[in-house]
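A.B. asks: generate coordinates for the sequence data below:
(chains A and B)
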Amino acid sequence: MTEVLAADGRPLKASLNRALRRQKLRALALIAPLLIFILVSFVMPIADMLFRSVENEIVADTLPRTVMALEEWDADSGDVPGEAVFDALYTDMALANEYKTHTRLGSRLNYELTGISSLFRKSGRRVGRFDTDVYTDAFQDADPAYSDPAQWATWMADDTIRANLPITADTYDAWAQMIVEAEGDVPAEEEPWDFVYTALYQDATAGADLPIGVDLSGIEPVSLSAQFADVDEDWLDPEVWQTIKIYSPEYTNGYFLNSVDLLKGSDGIEARPESEQIYVTLFIRTMIMSLSIMGMCVLLGYPIAWLLANLKDSTANLLMILVLLPFWTSLLVRTSAWKVLLQQQGVINDVLVWIGLVADDGRLQLINNQTGTIIAMTHILLPFMILPLYSVMKTIPPSYLRAAKSLGATDWTAFWRVYFPQSIPGIGAGCILVFILSIGYYITPELVGGTKGVFISNRIAYHISSSLNWGLAAALGTILLAVVLLLYWVYDRIVGIDNVKLGG
Amino acid sequence: MKTSMKLMATTCLTLTATMAVSDGHMADEMTIVSWGGAYSSSQQNAYHTPYMEMTGVNIINDESSAEAVAKLRAMNEAGNVTWDVVDVVASDAIRLCDEGLALEIDADEQLAPGDDGSTASEDFGDLLVSDCFIPQIVYSTTVGYRTDLVGDTAPTDICALFDTETYPGQRSLEKRPINNMEWALLCDGVAKDDVYDVLETEEGQAQAFAKLDTIKDSVVWWSAGADTPQLLADGEVIMGSTYNGRLFSLIEEQKQPVAMLWDAQVFDLDGWIIPTGLTPEREARALDYVRFATDTQRLADQSKYIAYGPARQSSAPLVSTHAELGIEMAPHMPTDPANATNTFLYNYEWWADYRDDLDAKFQAWLSQ
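C.D. replies: Prediction:
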């Protein structure tokens, strides 16, 4: 078989591919601005936010030495960690206090164990005044070279001395970095702080050779665990250390566990105490209420859309304006209007009392509960159901119904067997729109939902803006997103996503 | 051709204009964040206008204080802090300070001394609850009731909230544990000094929830400060907690049949913080503004416009009459001796620790 050649003598297939590729590239170039915009302003921020649900670097970043030292400690032993851990904590805390990161870590760990926030705040304030200055004095009194910043810098540049004094070298480096970054000074001109001398003392008692020999036998060792316990007894509570150890890895599933009412105990995953379980209830409630709102919208929206599609144009236009008018009104105004209507001293109850349907002392509770949320949200989301329904119904030729009837179908059969199946794509589109919008709503439920009518999104908003527990908010958001995608997939399997039409 | 030239020219102009606006921090502009409403206008009158006249700096108001902590954190992470001075409640200031998002202030060096010769730290006294916090006002959360709906015996103490027999009807409380837990324990026989010790224990928390359970069915939970005044005005509730300034305007400005129950009012503080991460010039200007806005006279001036007490002791004698109503403001201050016979001190440190835990429990309790 001979190859078909194009006019320029190349094989036709290659030539065609070339032309198509150029076309594709051009198409890509045309959508590139939008694509880049969406990537930068939408996909990346969301990915970054979702990533926070597992990210947990703050513990190891703030207390690197402590986390290392804790590896040796058995969390189940029920004992307080040994002195080595407290030595590491002293250096970490002193550094973190200068960088002002210890309180940030405190509020992070406070989500897991109540009380750590103030424990860290207090300790940071006191860590500079520990009794470890006896070490500093001992070295400096023994030889003035120990108070000379330049001498320190020379020692710490010498590899033999560094190898000899591992703890001191590490501590000095961290101290020098802090002096440059946090204080803006030059390490070679600043006398090292107490915790560097403490590290030197630790090296010396471990048997290392000092650059200049010092007799340390006269010094009473300072117990750092006692110093920390003096700030707050809680440092001797194994539970504090368990929490630090459990949350020391860079990534954690703790936020996800929390968002399904579980927690990370020292011996694995366990259920939260009943008095703190809330999220599963809220997820289920959000789903059920969103489905009811969706159902209400179909029931109320379908007849209106049918009217819109089948009335005279002039009447239909007027009706359309009535549908769209509330759509253009501010969300808060509409929600507040519902408050005025629905509250116990409100318009609806007043009318009911006036016509005698309801006793004055038995006014209906229509707001600050699930009823309130469903009524207000149905009203707000109704246009999202009516508009796709209308645009689909507009395309169904009225002649089909007439044909069905002329062939002997009753009104109901003609509607149910001929008209309704053709309007299903509109129902599908409306349902997806309304459902997805309603699970993300939080302003309206907050205002009219009372205690039983609030959604999971209210908790997400709370954790984003008030408690600042962004990790938990991200985990809750991720779960919500996963549930939506799952439902979308189920919908696709049952109804078929090709059957969704927004018009035409 | 002509049209396309015009189009180009317009686009260029628009672009330049947008760029000029987005670069909002020219030398003579600063953005101050506050709560909006009557509170912001009291600050505008007492602080912003005189400061603008004195220095020529233009002050832009932003009403984002309710989300200040989250927004500041986001700005800080993005490395672009667009706010210069932010008005926050004390507990938020502690949070911001903990997160390293607010500048630490040396009160004696960076704030004006009192008019009476005291140093700034003496003048503010205990109100300097955080290293980053510059106190401005003392406000209180207290209870207001409908005088025409409570019957013949007007309530005199906080436990009227829990007394549904004498005072049947709905009451409104804030949708968070703070204040409600304390009031519940106070009315369940716990001594004022022991409240936080009791609340620290599981049993104490259960006791507070059990007390709240007795009125749970007749509570409307609010989340915006304007809710309770609205509910009281509509007769939807017979009593409810809110900020004293809101009740003042409901009673004195809108002349509603409402009275204040000052008993067990919970004092809280509101003040300024300066975000970290500002350029040195902006930081210096923010400090200059704050030094001016929190001096003795300025703090006293603010009370002409709103019923919140000045945070400086030296300002108290200077409190005068309301700018429009002409009534003496001192008797409407939460700190006035007649109103402050029984007050409750809100414990910031304690709530900073227990807020996350108790809030989870409170929300779980609400949804049961």
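A.B. asks: going forward, measure contacts and count neighbours with C-alpha atoms only.
C.D. replies: Will do.
A.B. asks: just checking, what packs against the longest helix seen in chain A?
C.D. replies: Scanning chain A for the longest helix, with DSSP state H as the assignment, gives helix A:279-310. In this structure, helix A:279-310 packs against helix A:313-327, helix A:370-393, helix A:420-440, helix A:456-465, with contacts taken as 3 or more Cα pairs under 8 Å, 6 or more residues apart in numbering or on different chains; DSSP states H and E.
A.B. asks: out of those, which comes closest to chain B?
C.D. replies: Proximity to chain B (Cα to the nearest Cα) singles out helix A:456-465 among the helices and strands packed on helix A:279-310, at 4.9 Å.
A.B. asks: if we can go back for a sec, looking at the helices and strands packed on helix A:279-310, which is buried most?
C.D. replies: Across the helices and strands packed on helix A:279-310, averaging neighbours per residue (mean count of other Cα atoms under 10 Å in any protein chain shown) puts helix A:370-393 on top, at a mean of 23.
A.B. asks: just confirm yes or no for it near chain B.
C.D. replies: No. Helix A:370-393 lies out of reach of chain B by Cα under 8 Å from any Cα of the partner chain, never closer than 11.5 Å.
A.B. asks: quick one: the helix or strand following that helix to helix A:279-310, angle?
C.D. replies: As assigned by DSSP states H and E, the chain's next helix or strand after helix A:370-393 is helix A:398-406. Inter-element angle recorded for helix A:398-406 and helix A:279-310: 80 degrees (by axes from the mean of the first three to the mean of the last three Cα atoms, to 10 degrees).
A.B. asks: contacts for helix A:398-406, please.
C.D. replies: Under the contact criterion Cα atoms under 8 Å, 6 or more residues apart in numbering or on different chains, helix A:398-406 has outside partners A:411, A:414-415, A:418-419.
A.B. asks: helices or strands up against the top strand by length along chain B?
C.D. replies: What stands out as the longest strand in chain B, according to DSSP state E, is strand B:258-273. If contacts are counted by 3+ Cα pairs under 8 Å, 6+ apart, strand B:258-273 sits against strand B:85-89, helix B:90-98, strand B:134-146, strand B:343-345.
A.B. asks: let me see the contact set for A:Glu183.
C.D. replies: So A:Glu183 contacts nothing (Cα under 8 Å, 6+ apart).
A.B. asks: need phi/psi at it.
C.D. replies: Phi and psi for A:Glu183, reported as degrees, to the nearest 10, are phi -100, psi -20.
A.B. asks: tell me the pLDDT of B:Ser367.
C.D. replies: B:Ser367 is assigned 84 on the pLDDT scale.
A.B. asks: and A:Glu3, by the same measure?
C.D. replies: The per-residue pLDDT of A:Glu3 was computed as 73.
A.B. asks: who touches stretch A:307-318?
C.D. replies: Residues contacting stretch A:307-318 (Cα under 8 Å, 6+ apart): A:319-320, A:390-391, A:393-394.
A.B. asks: sorry, back to before: just how off-centre is the longest strand of chain B within its chain?
C.D. replies: Computed by Cα atoms, centre = their mean, to the nearest Å, the chain-centroid distance of strand B:258-273 equals 9 Å.
A.B. asks: what angle sits between the next helix or strand after that strand and strand B:85-89?
C.D. replies: Once strand B:258-273 ends, the next helix or strand along the chain (criterion: DSSP H and E) is helix B:280-293. Using the same axes, to 10 degrees, the direction of helix B:280-293 lies 50 degrees away from that of strand B:85-89.
A.B. asks: buried sites along helix B:280-293?
C.D. replies: B:282-283, B:285-287, B:289-293 (16 or more other Cα atoms under 10 Å in any protein chain shown).
A.B. asks: likewise for stretch B:118-136?
C.D. replies: B:119-124, B:127-136.
A.B. asks: C-alpha coordinates for that stretch, PDB please?
C.D. replies: Only the C-alpha atoms of stretch B:118-136 are listed here, as PDB (Å, rounded to 0.1, in the frame of the first residue of the first chain):
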ATOM      1  CA  SER B 118       0.600  59.600  86.100                       C
ATOM      2  CA  THR B 119       2.600  57.400  83.700                       C
ATOM      3  CA  ALA B 120       0.700  55.600  81.000                       C
ATOM      4  CA  SER B 121       1.000  52.200  82.700                       C
ATOM      5  CA  GLU B 122      -0.300  53.600  86.000                       C
ATOM      6  CA  ASP B 123      -3.100  55.300  84.200                       C
ATOM      7  CA  PHE B 124      -4.300  52.200  82.300                       C
ATOM      8  CA  GLY B 125      -3.400  50.000  85.200                       C
ATOM      9  CA  ASP B 126      -4.700  46.400  85.000                       C
ATOM     10  CA  LEU B 127      -6.400  47.100  81.700                       C
ATOM     11  CA  LEU B 128      -3.100  46.500  79.900                       C
ATOM     12  CA  VAL B 129      -4.000  42.800  79.600                       C
ATOM     13  CA  SER B 130      -1.500  42.000  76.800                       C
ATOM     14  CA  ASP B 131       1.800  43.400  75.700                       C
ATOM     15  CA  CYS B 132       0.300  44.400  72.300                       C
ATOM     16  CA  PHE B 133      -3.000  45.900  73.500                       C
ATOM     17  CA  ILE B 134      -3.600  49.600  73.800                       C
ATOM     18  CA  PRO B 135      -6.900  49.900  75.800                       C
ATOM     19  CA  GLN B 136      -9.500  52.400  74.600                       C
END
